[in-house]
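A.B. asks: predicted model and sequence follow; I will ask about them next.
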Amino acid sequence: MAVSDILLLGNPLLYKISEPVHKNELKVLLPKIKLMFDTVFDFRKKYGVGRAIAAPQIGLLKRIICLNIDKPVAMINPVISELSNEMFEVWDDCMSFPNLLVKVNRHEKLTITFRDLNWELQSWHLSGDMSELIQHEYDHLDGILATQRATDNQSFRYKK
């Protein structure tokens with residue numbers, strides 16, 4: 001299993017906006033997508049957490065999110081819509097700063113539409129922790145880290 005180094009907080013690539021994936025690029029990107037899944041598995045083995053990764057976290061500035069909840073799912077060119085007005089507060093963690101928690105506010109519900117690996121259009125309605133996870137990963141695609149969404153300047157906690 002090959003794994004990638006995960007870019008850490010402060011790396012300038014994490015603050016760049018990712019480009020859309022074009023259908024003709026998908027075949028070339030499949031090894032990178034597999035690398036993303038392997039990297040999540042490896043991170044989970046080391047830290048006991050890790051459900052998803054966004055392509056910018058491995059230095060790939062493409063709009064790809066790889067989730068591994070019940071099964072591996074690649075989200076190509078995801079778009080979030082229908083954000084609920086209801087918000088909730090959560091201590092967010094990130095593979096790019098594995099020993100830091102950041103208190104953020106997230107939308108309780110959302111809809112995410114994306115292309116799967118067969119270039120089929122998918123649409124999911126999510127709430128709670130899955131909504132939070134998608135918002136976190138989607139932010140990576142726009143060059144936004146949870147540290148930038150902290151509720152205030154005291155919303156940081158070291159995690160052992």
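C.D. replies: Looks like it arrived, so ask away. What you are looking at is a predicted structure, and each value in this text was computed from that prediction instead of being measured. Numbers count the residues shown, from 1 in each chain.

A.B. asks: need the three-state assignment for residue 78.
C.D. replies: Assigned state for residue 78: strand (three-state reduction, DSSP: H, G, I helix; E, B strand; the rest coil).

A.B. asks: pLDDT value on it, please?
C.D. replies: For residue 78, the model assigns a pLDDT of 98.

A.B. asks: and it, how far from residue 155?
C.D. replies: 26 Å (Cβ to Cβ, to the nearest Å). Heads up, the C-betas are built off the backbone N, CA and C, glycines and all.

A.B. asks: one more: residue 44?
C.D. replies: From residue 44 to residue 155 the distance is 25 Å (Cβ to Cβ).

A.B. asks: neighbour count winner among those two?
C.D. replies: Using other Cβ atoms under 10 Å as the criterion, residue 44 and residue 155 rank with residue 155 on top: 18 against 14.

A.B. asks: quick one: residues contacting the residue most central in space within the chain.
C.D. replies: With distances taken as Cα atoms, centre = their mean, the residue of the chain nearest its centroid is residue 137 (2.1 Å). Counting by Cβ atoms under 8 Å, 6 or more residues apart in numbering, residue 137 makes contact with 52, 53, 54, 65, 67.

A.B. asks: what's the closest of those to residue 93?
C.D. replies: Residue 93 lies nearest to residue 52 out of the contacts of residue 137, by Cβ to Cβ, at 11.5 Å.

A.B. asks: burial count for the closest one?
C.D. replies: So residue 52, with other Cβ under 10 Å, has 22 neighbours.

A.B. asks: quick check: bridge partners of it?
C.D. replies: Beta-bridge partners recorded for residue 52 (DSSP bridges): residue 67.

A.B. asks: please apply the same query to residue 111.
C.D. replies: residue 81, residue 125.

A.B. asks: touching, it and residue 78? I think so.
C.D. replies: No - counting by Cβ atoms under 8 Å, residue 111 stays clear of residue 78, with 10.5 Å between them.

A.B. asks: which of these two has more neighbours?
C.D. replies: Using other Cβ under 10 Å, the more surrounded residue of residue 111 and residue 78 is residue 78, with 20 against 16.
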